[in-house]
Every structure is written in structure tokens, then in C-alpha cells.
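[1] task: produce atomic coordinates for the following.
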Amino acid sequence: MSQHYTFGDSERAAARLAVLAAVFEPTTRELLSGLAAAPVTRALDLGCGPGHSTELVHHALRARETWGLDASERLIDRARTRLGPPLHFAVHDITRSPMPVVGADVAFARHVLAHLADPASVLAACATAVRPGGCLVLEETAALDSSDPVFAQYYRCVATLQAHYGQNTFVGLRLDAIAAASPWRLNTFVCRHTQIDARSMATLHAMNVRTWQTDAFAAAHFPPEQLREMTAALDAVAAGERTAPPVSCGIGQAVLRI
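    Numbering: from 1, shown residues only. The predicted structure is shown next:
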């Protein structure tokens, strides 16, 4: 099944993923650090993009080797150029079996399932790549809320856009249900709530809106003037020219065992 990644794999998308990695690094590191007590020979980062999350997985788990998989050749090339062994990268659609890496102790996916019409396909494919007794760690957005009208408008737009492609922006709320219908056993599931600096989020969101300009659905359903005004208002927050309160973010975190 083909997948539609609403944020693209352009240079702008790669820059966006760098910002995203920095914003969510603390919660991810804390989540993974709880698994680092057991030796990790091989770790697997699903939907790795240009490799920022792969670095974090590798160091947080103190893994001997870590593999990053992504369907984008462009992003994998960036990861390979920037990083080398013991980090390895392969182009692969993570919804499909067999995966090019097997015998992983830990597999990790962050902000991946929200971009898939069939999130369960990742869990099914990953079940063949993780050794018996290993685990799959999932981290996905469960909620985004802001009293700022521009941010609120953006969240309505992104939810509408992703729903058109059969995706769920807040799939983090459903990680337990997705696990229940998979070969995996749910070990832990929590929804954490945190406040994220509005300037960082505005930077991310403005990049996304600019990417939508090439999306056929967005172009047809969001008036160009609306997107221009939204982008300008988000740019102003990112530059510190307009103030906005922190964004309230819910993060679903699940650890599954096979």
C-alpha cells in the first residue's frame, strides 16, 4: 500500500525533522532510558528520516549497533552522509515484510504511525524483525492544544489534511488499541502531558504549511490567503515578534513485547 507523507522529504522536510528531534528529545530519551538496563546488541529505528532519532536511540539504549530504516532515499542518503558505523541505514518501506534487519532487541518508532493509513502494518512487519522477548517502543502525539487562534487553526487544518489521507494526527491516544490487534503484547502505555515552547512549535508548523503548498488536497481546500496569513503569523512567533503561550502536548508512549 502506498503511503502519503504530508510533510514531504524535501530539504525543508529534512530541516523540519531536525527541529522536531530537538523538541521531542527529552521525552524520548527518558522513555528509552528505562530500557537501557538490559544489554542491547541491535536496535532498530523505524521511519528514521535523516537519522536524528537513530542517534538518540543508539546512545540512549547504549546499543552495540543501530539500524535506521526509511522509505525516502533522499533522507537515507543524508543520514549515511552524516553518520557512520555503528549506525547503519537502509531504504525500506516499514509497512512491508521482510525487513532488511532481523534479530533486533529493541525497535523504536516516533511520530511515524500518525502518517500511515494502516498503522497496524508497521507492527505486523516489525514482529518479524525483533527477536523473541524483544520490544517495540512507540511514541506518538495524543493531543495538541493552544489558546492562540493561529495555532488552533493550524491544528484543525493538519487534522483535516491527514484525515483526508486516512491518517490520525492523534494516533497516540490509540496505541493500546492498535497493539491489541497486533502480534504484540502491550507492556506499558501512558499518555504524558508537557508544555512546549511556542517559538519551537511555530517553526515546525510554518515549515509544514509551506510544504502543503504542493499538496493537491490542501491547495483545493485551504484558501491560499489563509495559508499565507497562517504562515506569516507563525513566522512572527518563531522570530519572537509575536508572543504565544506554550503548546499543551499529549504524548502517547507504549512499550510492546513479542
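[2] alpha carbons only for contacts and neighbour counts from here, please
    Will do.
[3] please, where are all the helices along the stretch 1-150 of the chain?
    Along the stretch 1-150 of the chain, the segments classed as helices by DSSP state H, counting those that start in this stretch run 11-33, 52-61, 73-82, 120-126, 149-164.
[4] which of those has the lowest mean pLDDT?
    For the helices of the stretch 1-150 of the chain, mean pLDDT drops lowest on helix 11-33, to a mean of 89.
[5] could you export it as CSV, CA atoms only?
    Coordinates of each C-alpha in helix 11-33 appear next as CSV, following Å, rounded to 0.1, in the frame of the first residue of the first chain:
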residue,chain,number,x,y,z
GLU,A,11,15.3,19.9,2.1
ARG,A,12,12.7,21.8,4.1
ALA,A,13,11.3,18.5,5.4
ALA,A,14,14.8,17.4,6.5
ALA,A,15,15.3,20.7,8.3
ARG,A,16,11.9,20.3,10.0
LEU,A,17,12.9,16.8,11.2
ALA,A,18,16.0,18.3,12.8
VAL,A,19,13.8,20.8,14.7
LEU,A,20,11.4,18.0,15.6
ALA,A,21,14.2,15.9,17.0
ALA,A,22,15.4,18.7,19.3
VAL,A,23,11.9,19.5,20.5
PHE,A,24,11.0,15.9,21.5
GLU,A,25,14.4,14.7,22.5
PRO,A,26,13.8,15.0,26.3
THR,A,27,10.7,12.9,26.4
THR,A,28,12.1,10.3,24.1
ARG,A,29,15.4,10.0,26.0
GLU,A,30,13.5,9.5,29.2
LEU,A,31,11.3,6.8,27.6
LEU,A,32,14.2,4.9,26.2
SER,A,33,16.5,5.2,29.2
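[6] can you give me the buried ones in that helix?
    With burial defined by 16 or more other CA atoms under 10 Å, the residues of helix 11-33 counted as buried are 13-14, 16-21, 23, 28-29, 31-32.
[7] ok, the spatially most central residue of the chain to E139 distance?
    The structure's the chain has its C-alpha centroid closest to H111; by CA atoms, centre = their mean the separation is 1.9 Å. Here H111 is placed at a distance of 6 Å from E139 (CA to CA, to the nearest Å).
[8] repeat for V19
    Between V19 and E139 the distance is 17 Å, computed by CA to CA.
[9] which residue sits closest to H88 in space, ignoring its chain neighbours?
    Using CA to CA, 6 or more residues apart in numbering and skipping the chain neighbours, the partner closest in space to H88 is W67 (4.7 Å).
[10] count of residues packed around that neighbour?
    Around W67 sit 25 other residues, with neighbours defined as other CA atoms under 10 Å.
[11] isn't it up against V91?
    No. Using CA atoms under 8 Å, W67 makes no contact with V91, being 10.7 Å away.
[12] hey, what's the residue nearest to H88 bridged with?
    In this entry, W67 is beta-bridged to L44, H88, by DSSP bridges.
[13] in this structure, what spans have low per-residue confidence?
    Counting by pLDDT under 70, the ranges of the chain that qualify are 1-9.
[14] what about the longest strand in it?
    Counting residues, the longest strand found in the chain (DSSP state E) is strand 130-145.
[15] ok, that one: who's next to it in the sheet?
    Here strand 130-145 has these sheet partners by DSSP bridges: strand 104-110 (parallel), strand 247-257 (antiparallel).
[16] among those strands, which is nearest A159?
    Nearest of the strands paired with strand 130-145 to A159, taken as CA to CA: strand 247-257 at 14.7 Å.
[17] that closest one vs helix 11-33, what angle?
    60 degrees (axes from the mean of the first three to the mean of the last three CA atoms, to 10 degrees).
[18] and the contacts of strand 247-257?
    By CA atoms under 8 Å, 6 or more residues apart in numbering, the surrounding residues in contact with strand 247-257 are 31, 133-146, 172-173, 175-176, 179, 184-198, 201.
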